[in-house]
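A.B. asks: After the sequence you'll find the predicted model.
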Amino acid sequence: MLDEPLGQLDRSLRERLVVELRQLFGRLGTTVLAVTHDQGEAFALADRVVVMRDGRIAQSGTPMEVWQRPASAFVARFLGFDNIAEAVVSGAVAVTEWGKLPVPDGTSEGACQLLVRPTGVRLGPPDGGLACEVVGRTFRGGHVAVVLRPERGPVLEAECALRDAPEEGARVGAGFAAEDVVVLGRCGPPDAARGR
């Protein structure tokens with residue numbers, strides 16, 4: 001068992017050791033339980049990830065399964081995703097506080113919570129989608145996280161290339177990509193959304 005094995009290291013050393021530890025674990029062929037609050041570290045080291053909440057398993061699976069399909073709003077937020085809204089899905093569309101969003105083919109119908117990954121929030125001219133004001137920007141290496149205050153609904157985070165990132169105070173329109181919309185949990189009857 002390793003408890004926060006890389007927690008006190010600088011970023012460069014941590015990134016190198018993650019690769020070396022993963023190779024070492026594979027060569028040894030032994031099971032290693034690593035406890036960490038660093039999602040990047042967990043996903044880089046693990047064959048299987050277990051997200052815990054109050055001493056109980058909130059979700060487990062391969063890193064790819066957990067990342068692509070968070071089981072709940074708690075897991076999604078733990079992974080760093082905050083674009084979550086109540087929705088009612090009907091056909092290929094979800095009605096949310098942000099308006100109508102496209103959903104992937106085969107999405108269950110009914111009331112649910114939706115996650116829109118920041119990569120799925122597409123920015124354009126103010127009249128080309130949900131009108132928003134840019135209220136924050138954070139440089140994150142190869143991209144910029146842009147915080148948007150929409151005309152309706154909760155705050156949104158978008159991810160853009162450095163060269164495409166709008167300035168704070170700019171007005172933009174937000175569109176949504178169906179492939180980056182994820183239903184969290186199961187859909188239920190339309191009036192179930194109120195009870196969440």
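C.D. replies: Nice, thanks for sending it over. Numbers count the residues shown, from 1 in each chain.
A.B. asks: C-alpha only now, for contacts and for neighbours.
C.D. replies: Noted.
A.B. asks: need the contact list for the residue with the largest distance to the centre of the chain.
C.D. replies: With distances taken from the mean C-alpha point of the chain and given as Cα atoms, centre = their mean, the most distant residue is Leu28, at 33.0 Å. Leu28 makes contact with no residue, according to Cα atoms under 8 Å, 6 or more residues apart in numbering.
A.B. asks: now it: how far from Gly142?
C.D. replies: 35 Å (Cα to Cα, to the nearest Å).
A.B. asks: and the strand ranked longest in the chain, which residues are buried?
C.D. replies: Across the chain, the longest stretch assigned as strand under DSSP state E is strand 130-139. By neighbour count with 16 or more other Cα atoms under 10 Å, strand 130-139 contains the buried residues 130-135, 137.
A.B. asks: which helices and strands does that strand pack with?
C.D. replies: Packing partners of strand 130-139 (3 or more Cα pairs under 8 Å, 6 or more residues apart in numbering; DSSP states H and E): strand 143-150, strand 171-176.
A.B. asks: Relative to Leu148, how far out is Gly142?
C.D. replies: In this structure, Gly142 and Leu148 are separated by 19 Å, where distance is defined by Cα to Cα.
A.B. asks: With neighbour numbers in mind, choose between these two.
C.D. replies: Legend: neighbour count by other Cα atoms under 10 Å for Gly142 and Leu148, higher for Leu148 (25 against 8).
A.B. asks: who's in contact with that one?
C.D. replies: For Leu148, the contact set (Cα under 8 Å, 6+ apart) comprises 132-136, 155-158.
A.B. asks: Present the helices and strands packed on strand 130-139 as CSV; the columns should include mean pLDDT and distance to Arg56.
C.D. replies: Below are the helices and strands packed on strand 130-139 laid out as CSV (pLDDT from 0 to 100; distance: least, Cα to Cα, whole Å):
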stretch, mean pLDDT, distance to Arg56
strand 143-150, 95, 32
strand 171-176, 96, 33
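A.B. asks: so which of those strands gets nearest Val103?
C.D. replies: In terms of Cα to Cα, the element of the helices and strands packed on strand 130-139 nearest to Val103 is strand 171-176, at 9.2 Å.
A.B. asks: Quick check: can you name the pairing partners of the helix or strand following that closest one and their directions?
C.D. replies: The first helix or strand that comes after strand 171-176 along the chain, using DSSP states H and E, is strand 181-188. Using DSSP bridges, the strands paired with strand 181-188 are strand 110-116 (antiparallel).
A.B. asks: which ones are touching Thr96?
C.D. replies: Contact criterion Cα under 8 Å, 6+ apart gives 85-88 as the residues in contact with Thr96.
A.B. asks: By neighbour count, which of those wins?
C.D. replies: Of the contacts of Thr96, with other Cα under 10 Å as the count, Ala87 tops at 26 neighbours.
A.B. asks: check contacts around it.
C.D. replies: For Ala87, the set of contacting residues under the criterion of Cα under 8 Å, 6+ apart consists of 94-97, 111-114, 193.
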